[in-house]
Structure formats: C-alpha cells, structure tokens
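Trainee: curious how this folds, go ahead:
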Amino acid sequence: MGKPENAPTGRRLTSRGATTRARIVAAALELMYMKGVNATTLDDVRAASNTSKSQLYNHFPDKEALVRAVVEARAAQVLERERGNLERLKSFNGLVRWRNALVQRNALQNGAYGCALGSLASELADQDDQARTTLAASFAEWEGLLAAGLRRMRENGVLRPEADPERLATGLLAALQGGYLLAETAHDIKPMEVALDMALDHVKSFLAG
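Mentor: Below is the predicted model:
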C-alpha cells in the first residue's frame, strides 16, 4: 500500500499515526456529509475525532488537504459499493435490483443529505480543481460500470443492437443524481424513485423480444 494522500512527505506513518489519520478522515467524512464541507471546521473535526491540534495539523496542514483526503475516501467507498453491485450486471432485473438497493439505502434517512459523492461535487466543483478532478474521475468510473453492464446486456441479446450503452448509462446516472437532489430537498424518497423508474423505462424500451 502506498503512502496515504496528504501524509507528511519524507517519512512513513507509524501504525499509531495511520490510525490517528484514519480516525480524523472518518470524522471529517461524517461531519462533511451531515453539515456540508463549508460548514465543517477543523475544530469540529478535531473534537469529533478526539485529536489535538498538533495531531490534526501533523496529518493535514490545512482544511484543503483534509477535504481532498475526504473526497478520495468517499470516492473509494462509493465505487467499492458500486463495483459490487454492477460488475456482474447482465440483466434488466439486475438493474432493478441496483435501483432498489440505492432507494432503500437513501430511504433510511428519508432522502436527507443526498448522494455522498454528489453532495461533495455540488460544493467543491467550483472551489477546488484537484477535488473536482477526483470527483469527475469517480463519476466517470461509476458511469463506466453502468455502461459495461449495459454492453453485456446488448452482447447477450437482452438489449437490441441499436441500444447505446454509453448514452443509457449517462441517462441512468443523471437520473440518479437528480433524484438524490430532489429527495434531499423534499426529505422524501419519492422523487428519486420516479427519476430512476423513468430512466429504467427508457432502458426497458430497448429490451429485445
């Protein structure tokens, strides 16, 4: 495993140091998801992670460094989940199961807080180009997982030859992110369900036979 992003250069983290760093990032992940990036202060993170100022600044010299670590950690979490859901996707029923898992997960908080990755993008895309690049690559990989599954469906004869996996994947991901946003605003999961179901209906229109 390589040196953690934003770890001090020129030295390796001890086991204790790595544990402290992970605790800081985990606390920041939760706070920035619940409160937002801009509303979360380093003092908030220090208190939540039970670390001293010297410990915090030893790992993250400023908030920007911590935010970038949070973006990378959140992207890794979301993509790990989505790989598990999509890497073997090869049927329309598989897409429905993917939709249901996302809706059920978001229903646990009545739609509040939105997509863990999308909420970061909405705050950071115009503030931090490095974070934006990481987020863009993460969304591209997510979309690519959907497109690969749709290609398998086309190759296996589930979708008709004229189906465009890349365009369908873009539509599904856009519907998902828009659904997350509307559900967050309403604190109601229904808009997310409607958005995804309409996108799935479009995919369904390309089913063979």
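
Trainee: what's the first helix or strand after the lengthiest helix in the chain?
Mentor: For the chain, the helix with the greatest residue count under DSSP state H is helix 129-155. Next along the chain after helix 129-155, taking DSSP states H and E as the criterion, comes helix 165-186.

Trainee: between the very next helix or strand once past that next one and helix 165-186, how many degrees?
Mentor: Sequence order places helix 190-204 as the next helix or strand after helix 165-186, per DSSP H and E. Per axes from the mean of the first three to the mean of the last three C-alpha atoms, to 10 degrees, the angle that helix 190-204 makes with helix 165-186 is 170 degrees.

Trainee: tell me what angle helix 190-204 forms with helix 129-155.
Mentor: Following the same axes, to 10 degrees, one obtains 40 degrees for the angle between helix 190-204 and helix 129-155.

Trainee: list the buried residues in helix 190-204.
Mentor: For helix 190-204, burial by neighbour count (16 or more other C-beta atoms under 10 Å) applies to Pro191, Met192, Glu193, Ala195, Leu196, Asp197, Ala199, Leu200, Val203. (Each C-beta comes from the backbone N, C-alpha and C, glycine too.)

Trainee: and the fourth one, how far is that from Asn85?
Mentor: From Ala195 across to Asn85, the span is 18 Å (C-beta to C-beta, to the nearest Å).

Trainee: swap in the second one?
Mentor: Met192 sits 16 Å away from Asn85 when distances are taken as C-beta to C-beta.

Trainee: one more: the last one?
Mentor: Val203 sits at a distance of 16 Å from Asn85 (criterion: C-beta to C-beta).

Trainee: with the fifth one instead?
Mentor: Between Leu196 and Asn85 the distance, using C-beta to C-beta, works out to 13 Å.

Trainee: dead centre of the protein: give me the residue that sits there.
Mentor: Closest residue to the average C-alpha location of the chain: Leu117 at 3.3 Å, with C-alpha atoms, centre = their mean.

Trainee: excluding its backbone neighbours, what's nearest it?
Mentor: Val78 (4.9 Å; C-beta to C-beta, 6 or more residues apart in numbering).
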